[in-house]
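J.: Fold the stuff below for me.
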Amino acid sequence: MSKTGYYSHSLFRKHEMGVGHPECPERLSAIEDRLLISGVFDALERQEASQATWEDIELAHDRMYVAALRGLTDRLLEEQQAGGPDYAQIDTDTSINAFTFDAARHSAGAALAATDAVLSGALENAFCAVRPPGHHACRDKAMGFCFFNNIAIAALHALNRRNLQRVAVIDFDVHHGNGTENILAGDERVLMVSFFQHPFYPYSGDKDPAPNMLNVPMPAYTKGMEVREMIEMMWLPRLEAFKPEMIFISAGFDAHREDDMGQMGLTENDYTWITEKIKDVARRFAKGRIVSCLEGGYMMSPLARSVEAHLRVLADV
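T.: Residues are numbered from 1 along each chain as shown. From the prediction side, this is the model:
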């Protein structure tokens, strides 16, 4: 049995963006209910996320952007005390409440703590059940429900502070991880491989990526077998040639056929297969070292079932 960490925090349920918003606290409740009922939780090392420092966040983000987001939070709190609104809008579908900034710092902190635990050998791998997600957050911009790029921060921590030479980032969310690409493109120490529905939000990733980016746009209604064939033909040869010393996963489960946020056709069995392939690469080249962070997945039942499938592989249960 692998020793698998599970990182979360109570603040992740306090960040919310309004009634009916798909990126909601109930996502984590659905996941944890499923893990409890299935018994998978018993195999996990549950950990409380720590808070990332300013220096941690600035590994991947511009200092002025971080200060502006903090300033927006402070203004919102002042307005709330005077009877003002509960939210401050970032864009049409992304907003903050009084808890968002601290929740985002703990989301990044979860990824950082998981990275350190895996690198120290205390854990073989880890899953971070975090909100808000991160892979749309660019160096100087929040968007797409994301504020700080958890995976990019953790990957740069492993490289810049923990002295790894090569890390891989794998993103299987239905949406292109434009923020992660924005931050890591051109860094030869990183190989990022991804697939995503295209054309689709954020309408990027298909034109002239940097040499360290392997983006595979896929049309709506692509099913699991086609994704598996692509991974065998494209992802795995690049990962094997790169020989990563650690693997970071942007684990979005909204490519599931029951998730109406996208129009792809994956199932839990596909997420099992994908995770098995990633774990095999990690065992051969990276001493099994994997840190996975929750990104998308917005229909409660398929999200919970898919995370269970992902964790069963990581934890060998």
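J.: The chain: strands as residue ranges?
T.: 4-8, 44-48, 88-91, 94-96, 125-128, 167-171, 190-197, 213-218, 247-251, 290-294 (DSSP state E).
J.: what separates the residue nearest to residue 64 when sequence neighbours are not counted from residue 185, distance-wise?
T.: Leaving out its chain neighbours, the residue that sits closest to residue 64 by C-beta to C-beta, 6 or more residues apart in numbering is residue 140, at 7.2 Å. Glycine gets a C-beta too; all of them are placed from N, C-alpha and C. Per C-beta to C-beta, to the nearest Å, residue 140 is found 14 Å from residue 185.
J.: again, but for residue 67
T.: 24 Å.
J.: ok, those two, which is more surrounded?
T.: residue 185 (14 against 11; other C-beta atoms under 10 Å).
J.: That one against residue 213, yeah?
T.: Yes: counting by C-beta atoms under 8 Å, residue 213 is a contact partner of residue 185 at 5.8 Å.
J.: hang on, the earlier thing: let me have the strands of the chain in JSON lines, adding mean pLDDT and distance to residue 58 as columns.
T.: Putting these into JSON lines (pLDDT from 0 to 100; distance: least, C-beta to C-beta, whole Å) gives the following:
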{"stretch": "strand 4-8", "mean pLDDT": "98", "distance to residue 58": "21"}
{"stretch": "strand 44-48", "mean pLDDT": "98", "distance to residue 58": "23"}
{"stretch": "strand 88-91", "mean pLDDT": "96", "distance to residue 58": "19"}
{"stretch": "strand 94-96", "mean pLDDT": "98", "distance to residue 58": "19"}
{"stretch": "strand 125-128", "mean pLDDT": "98", "distance to residue 58": "20"}
{"stretch": "strand 167-171", "mean pLDDT": "99", "distance to residue 58": "19"}
{"stretch": "strand 190-197", "mean pLDDT": "98", "distance to residue 58": "18"}
{"stretch": "strand 213-218", "mean pLDDT": "98", "distance to residue 58": "23"}
{"stretch": "strand 247-251", "mean pLDDT": "99", "distance to residue 58": "18"}
{"stretch": "strand 290-294", "mean pLDDT": "99", "distance to residue 58": "19"}
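J.: what comes up buried for the top helix by length along the chain?
T.: Across the chain, the longest stretch assigned as helix under DSSP state H is helix 100-120. Residues of helix 100-120 classed as buried by neighbour count (16 or more other C-beta atoms under 10 Å): 100-101, 103-119.
J.: who does that helix touch, helix- and strand-wise?
T.: Helix 100-120 sits against strand 4-8, strand 44-48, helix 54-57, helix 63-81, strand 125-128, helix 150-160, strand 290-294, with contacts defined as 3 or more C-beta pairs under 8 Å, 6 or more residues apart in numbering; DSSP states H and E.
J.: now it: mean pLDDT?
T.: Throughout helix 100-120, pLDDT has a mean value of 98.
J.: between it and strand 247-251, how big is the angle?
T.: Calculated by axes from the mean of the first three to the mean of the last three C-alpha atoms, to 10 degrees, helix 100-120 forms an angle of 140 degrees with strand 247-251.
J.: Between strand 290-294 and helix 100-120, find me the angle.
T.: Going by the same axes, to 10 degrees, helix 100-120 makes 160 degrees with strand 290-294.
J.: from the chain's centre, how far out does helix 100-120 sit?
T.: Centroid separation for helix 100-120 versus its chain: 11 Å, with C-alpha atoms, centre = their mean, to the nearest Å.
J.: and the angle from it to helix 63-81?
T.: Computed by the same axes, to 10 degrees, the angle between helix 100-120 and helix 63-81 is 130 degrees.
J.: CA atoms only for helix 100-120, dumped as PDB, please.
T.: The C-alpha trace of helix 100-120 is given here as PDB (Å, rounded to 0.1, in the frame of the first residue of the first chain):
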ATOM      1  CA  THR A 100     -11.400  33.700  -0.500                       C
ATOM      2  CA  PHE A 101      -7.900  35.200  -0.100                       C
ATOM      3  CA  ASP A 102      -7.100  33.100   3.000                       C
ATOM      4  CA  ALA A 103      -8.600  30.000   1.400                       C
ATOM      5  CA  ALA A 104      -6.400  30.600  -1.700                       C
ATOM      6  CA  ARG A 105      -3.300  30.900   0.400                       C
ATOM      7  CA  HIS A 106      -4.200  27.600   2.100                       C
ATOM      8  CA  SER A 107      -4.800  26.000  -1.200                       C
ATOM      9  CA  ALA A 108      -1.300  26.900  -2.300                       C
ATOM     10  CA  GLY A 109      -0.100  25.900   1.200                       C
ATOM     11  CA  ALA A 110      -1.600  22.400   0.800                       C
ATOM     12  CA  ALA A 111       0.300  21.900  -2.400                       C
ATOM     13  CA  LEU A 112       3.500  23.100  -0.800                       C
ATOM     14  CA  ALA A 113       3.100  21.000   2.300                       C
ATOM     15  CA  ALA A 114       2.300  17.900   0.200                       C
ATOM     16  CA  THR A 115       5.400  18.600  -2.000                       C
ATOM     17  CA  ASP A 116       7.700  18.800   1.100                       C
ATOM     18  CA  ALA A 117       6.100  15.600   2.600                       C
ATOM     19  CA  VAL A 118       6.600  13.600  -0.600                       C
ATOM     20  CA  LEU A 119      10.100  14.900  -1.100                       C
ATOM     21  CA  SER A 120      11.100  14.000   2.500                       C
END
